[in-house]
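Visitor: Here is my input; please provide its structure:
(chains A and B)
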Amino acid sequence: MSDHAHDHDDHGHDHPHDHGSPSAVMTARVNALIGALEARGVAADADVTAVIERFLAAAGPSNGARIVARAWVDPAYRALLLANANAAIAALGLDMSHWAPVELRVVENTERVHNVVVCTLCSCYPIALLGPAPQWYKSEAYRSRVVREPRAVLREFGVTLADDIEVRVWDATAELRYLVLPRRPPDSNGWDEARLMQFVTRDALIGTAG
Amino acid sequence: MKFAVGDAVRTSGRDPAHHYRVPRYLRAKRGRIEAIHAAFPLADARAAGDPSPPIETLYTVAFAGDEVWAQDAEPNTIYHAELWESYLLPLEGAS
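Guide: Numbering: from 1, shown residues only, chains lettered A, B, ... in the order given. Below is the predicted model of the structure:
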């Protein structure tokens, strides 16, 4: 939002507008790019929309849940996932490098370690594996507080950790994305991947659920 | 590549006017190389529109909570940041 309120001639109101906000500037820039592509016959607006819709239709937390459930039942897959996550997701037919090369790293929760992911700079997030990021992930409150007081933030999410459990905060960037491998539910011996998947939540893959 | 996993490093304390990926709370702080990644174009130069930005090794550096926040840190927390090689200095006298 801009930091000023103003009135328009055609519709008098006094709430703050966001004409000058970063998102408004970005929208104008994207529209200009689409206009240029259209004018040169490279792509029509409908083509761009179709690409985005195709991407979002395939992107969702069930992708992340598949990865986790496989790692829980297959120790070799788990080892590959922790050592080379890009290769591990490719083995399941998933890919994060839609527009630029990006490295995925999977960090594992254990009895002694709890991991949580943030993007302090903006909102870097593995959209292909989790779907669009929740609003709170992009909020200044989460992005600043989880660095300064991760235990307090996690308590607000309902995750209370004893002091002897190490909390590891991972700050995602344009170059690196993170996914948390949560602990397998207790008493789930013998469950198949489909059943295990139902217990994997989006927030657990960010680290804000147990 | 200048550093190995486990090396003790210190971030530069510089405060440039341009885009810079060392957050203020991490400047002139001691950390440890946790992982080594591919070489990526330096974000500072890309943000300035440099058509051929320097390509530098990117490291994950681990910082203990009390190094960053002193006595106000929560116990037993570690913060990890992705930092380019030119942001880091070897920590003298450390093993």
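Visitor: For the top helix by length along chain A, list every residue counted as buried.
Guide: In terms of residue count, the longest helix belonging to chain A (DSSP state H) is helix A:22-39. Under the neighbour-count criterion of 16 or more other CB atoms under 10 Å in any protein chain shown, helix A:22-39 has A:Ile34 buried. In this view, the C-beta of every residue, glycine as well, is placed from N, C-alpha and C.
Visitor: is that helix anywhere near chain B?
Guide: No. Helix A:22-39 lies apart from chain B when judged by CB under 8 Å from any CB of the partner chain; the minimum separation is 14.1 Å.
Visitor: Now do that helix: everything it contacts.
Guide: Helix A:22-39 is contacted by residues A:Asp18, A:Ala43, A:Ala44, A:Asp45, A:Val48 when judged by CB atoms under 8 Å, 6 or more residues apart in numbering or on different chains.
Visitor: Take those residues and keep only those in helices.
Guide: Those of the contacts of helix A:22-39 lying in helices (DSSP H): A:Asp45, A:Val48.
Visitor: Could you rank the contacts of helix A:22-39 by neighbour count and give me the top one?
Guide: A:Val48 (15 neighbours; other CB atoms under 10 Å in any protein chain shown).
Visitor: and it, what is it in contact with?
Guide: A:Ile34, A:Leu37.
Visitor: That one and chain B, how far apart?
Guide: Noted for A:Val48: a distance of 24 Å to chain B, by CB to the nearest CB, to the nearest Å.
Visitor: what stretches of chain B score poorly on pLDDT?
Guide: B:93-95 (pLDDT under 70).
Visitor: Check the secondary structure at the spatially most central residue of it for me.
Guide: Note on chain B: the residue nearest the mean C-alpha position is B:Leu83, at 3.7 Å, using CA atoms, centre = their mean. Judged by DSSP: H, G, I helix; E, B strand; the rest coil, the three-state class of B:Leu83 is strand.
Visitor: Next secondary structure element downstream of the helix or strand bottoming out on mean pLDDT in chain A?
Guide: Ranked by mean pLDDT, DSSP states H and E, the weakest helix or strand in chain A is helix A:45-58, scoring a mean of 85. Downstream of helix A:45-58, the next assigned helix or strand under DSSP states H and E is helix A:61-73.
Visitor: just checking, what packs against whatever helix or strand comes next after that next one?
Guide: Reading on from helix A:61-73 to the C-terminus, the next helix or strand found by DSSP H and E is helix A:75-83. When contacts are defined as 3 or more CB pairs under 8 Å, 6 or more residues apart in numbering or on different chains; DSSP states H and E, helix A:75-83 sits against helix A:61-73, helix A:85-90, strand A:103-108, strand A:176-181.
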